[in-house]
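>>> Would you be able to build a 3D model of this:
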Amino acid sequence: MSKLFWDGIVEFEEIKAVISQTGSLSEEREELDMLVDATVTPKVLESILDQLPKEHHKGFLELFGDIPYDKETIFGFISEKKGINTEEVEEMLRGKLNEIKENILQELRPQDEISVETRTESKPPVK
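Predicted structure coming up:
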């Protein structure tokens, strides 16, 4: 997974563990890691852009494009434009990242445990 400014806010080790337990080939696990990145990044960016006034979208995206790993600078930018402190920015991202993590884990779990349509257990009741 690539290094980005939100790294370390929420650990994705549980996702990595599930991926490694798939028994897939190394290339397939690497592909799944890239899929996780490809899922997380746009959702985080969308969440931030939803929170920022429209006139600051370009500035944020330019900053992210130039220094995607610089947590201090990017949090400072968001903080300044939203009028909140950096701890509140981190808390906002923590909530979004946890939501994304849970959604990914839900998708990775075996579907026979939970029915996709009803999200209820598909096993018959024990008598």
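
>>> quick one: contacts for the residue most central in space within the chain?
By CA atoms, centre = their mean, the mean C-alpha position of the chain lies nearest to residue 40, the distance being 3.6 Å. Counting by CB atoms under 8 Å, 6 or more residues apart in numbering, residue 40 touches 12, 97, 100, 104. (C-beta placed from N, C-alpha, C; glycine too.)

>>> Make a markdown table out of these and add distance to residue 54.
Listed next are these as a markdown table, based on distance: CB to CB, whole Å:
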| residue | distance to residue 54 |
| --- | --- |
| 12 | 30 |
| 97 | 24 |
| 100 | 23 |
| 104 | 29 |
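
>>> which parts of the helix or strand harbouring residue 35 are buried?
Element membership for residue 35, per DSSP states H and E: helix 26-51. Counting neighbours by 16 or more other CB atoms under 10 Å, one finds that the buried residues in helix 26-51 are 29, 32-33, 36, 40-41, 44, 47-48, 51.

>>> and the helix or strand bottoming out on mean pLDDT in the chain with helix 26-51, angle?
Here the helix or strand of the chain ranked lowest by mean pLDDT, DSSP states H and E is helix 13-20, holding a mean of 86. Per axes from the mean of the first three to the mean of the last three CA atoms, to 10 degrees, the angle that helix 13-20 makes with helix 26-51 is 150 degrees.

>>> what residues does helix 13-20 touch?
29, 32-33, 36, 101, 104-105, 108-109.

>>> Out of those residues, show me where the pLDDT dips lowest.
Among those, residue 109 carries the lowest pLDDT, at 77.

>>> ok, now how distant is it from residue 30?
21 Å (CB to CB, to the nearest Å).

>>> Under the pLDDT cut-off, which ranges of the protein? List them.
Applying pLDDT under 70 to the chain flags the ranges 1-2, 23-24, 110-127.

>>> all helices of it, in order?
13-20, 26-51, 57-66, 71-82, 86-108 (DSSP state H).

>>> Which of those helices sits closest to residue 5?
Of all the helices of the chain, it is helix 71-82 that lies closest to residue 5, at 4.3 Å by CB to CB.

>>> what angle separates that closest one from helix 26-51?
30 degrees.

>>> which other residues reach helix 71-82?
Contacts of helix 71-82 (CB under 8 Å, 6+ apart): 5-7, 48, 51-53, 56, 59-60, 63-64, 67-68, 85-86, 88-90.
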